[in-house]
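Trainee: sequence and predicted structure below; questions after.
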Amino acid sequence: MSSSELTPFSYAVLALVGKAGAGPHDIARMMREGQMIWTAARSQYYAEPKRLERLGYLGSRKLPGQTTDRTHYTLTRAGTRALKEWLAEPARFSRIQAEPVVKLLAADFVDDAVILESLGALREQIAGMRSQLEVAEGRAADFGHRQRYLALNHALARALLEAHETWLDQVERELGGEAQTG
C-alpha cells in the first residue's frame with residue numbers, strides 16, 4: 001500500500017476512527033460538528049471508510065443496532081502505521097477556501113450595500129457554529145482519551161469564529177459609511 005492512496009480526507013477519517021473505532025454515522029456526526037475546520041460532501045463520510053477498508057487501512061465488524069446491525073470500523077495495523085507516519089510529517093498551514101473573501105474581492109461589481117447585506121448573513125452562521133461548538137465542548141468529556149486535544153481544537157475553532165467576527169466588523173465599518181457604486 002502506498003501513501004499516495006491516502007488523501008488529506010483519508011487521514012481525517014483515520015483520525016476520527018481513532019483508537020476506539022467508529023461507525024459511519026459517528027464519522028458523519030463528528031465531521032458535521034467539525035465542519036468549520038474540515039468539510040466534505042456527506043456522501044464521502046460514508047464512502048471513504050469503505051474505500052479505506054478495501055485498501056486495508058480499516059477493518060469492520062457488525063454490531064447490534066437499534067433496528068439493524070451497524071458497521072463499526074477500526075484501524076488495522078496498516079491504518080495505524082499510516083496515521084502515525086502522517087502525524088510525524090511537518091504540519092502545513094491550513095488550506096482556507098473563504099467564500100466571503102472572494103465576494104469582497106469582487107465587491108467592486110456591486111454597491112457596497114449589496115456586499116454588506118451578503119456578508120451580514122455570516123453573523124447568523126457564526127452564531128450557529130458557536131452553538132455547535134458549545135455542544136461539541138459539552139461532549140468532549142465523553143472522549144476522555146482525546147479530551148485535551150479536543151479542547152485545543154475547540155480553542156482554535158473559537159479563535160476562527162472571533163477572527164471572522166472581527167473581520168466582519170472591520171468590513172462593516174469600512175463599507176458602512178456611504179455606499180459606493182461599483
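Mentor: It's in.

Trainee: the lowest-mean-pLDDT helix or strand in the chain: what's the following helix or strand?
Mentor: Within the chain, no helix or strand scores below helix 24-33, which has a mean of 86 by mean pLDDT, DSSP states H and E. With elements assigned by DSSP states H and E, the helix or strand that comes after helix 24-33 is helix 42-55.

Trainee: tell me the angle of that next one relative to helix 24-33?
Mentor: Counting by axes from the mean of the first three to the mean of the last three C-alpha atoms, to 10 degrees, helix 42-55 lies at 130 degrees to helix 24-33.

Trainee: now helix 42-55, how far from the centre of its chain.
Mentor: In terms of C-alpha atoms, centre = their mean, to the nearest Å, the centre of helix 42-55 is set 17 Å apart from its chain centre.

Trainee: which outside residues touch the helix or strand encompassing Leu104?
Mentor: Leu104 belongs to helix 99-105 when assigned by DSSP H and E. Identification of contacts with helix 99-105 by C-beta atoms under 8 Å, 6 or more residues apart in numbering yields Ile115, Ser118, Leu119, Leu122, His164, Leu168, Val171. The C-beta positions use only the backbone N, C-alpha and C, and glycine is treated the same way.

Trainee: burial measure for the first one, as a count.
Mentor: Spelled out, it's Ile115. For Ile115, the count of nearby residues is 22 (other C-beta atoms under 10 Å).

Trainee: I figured it hits Ala107, correct?
Mentor: Yes - shown here, Ile115 and Ala107 form a contact pair, counting by C-beta atoms under 8 Å, at 4.2 Å.

Trainee: nearest to Ile37, of the contacts of helix 99-105?
Mentor: Nearest to Ile37 out of the contacts of helix 99-105 is His164 (C-beta to C-beta; 13.1 Å).

Trainee: that closest one - that's part of a strand, no?
Mentor: No - going by DSSP: H, G, I helix; E, B strand; the rest coil, the assignment for His164 is helix, not a strand.

Trainee: which residues are in contact with it?
Mentor: So His164 contacts Pro100, Leu122, Ile126 (C-beta under 8 Å, 6+ apart).

Trainee: turn these into TSV, columns for pLDDT and distance to Tyr57.
Mentor: Conversion of those to TSV gives the following (pLDDT from 0 to 100; distance: C-beta to C-beta, whole Å):
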residue	pLDDT	distance to Tyr57
Pro100	95	36
Leu122	95	37
Ile126	95	36
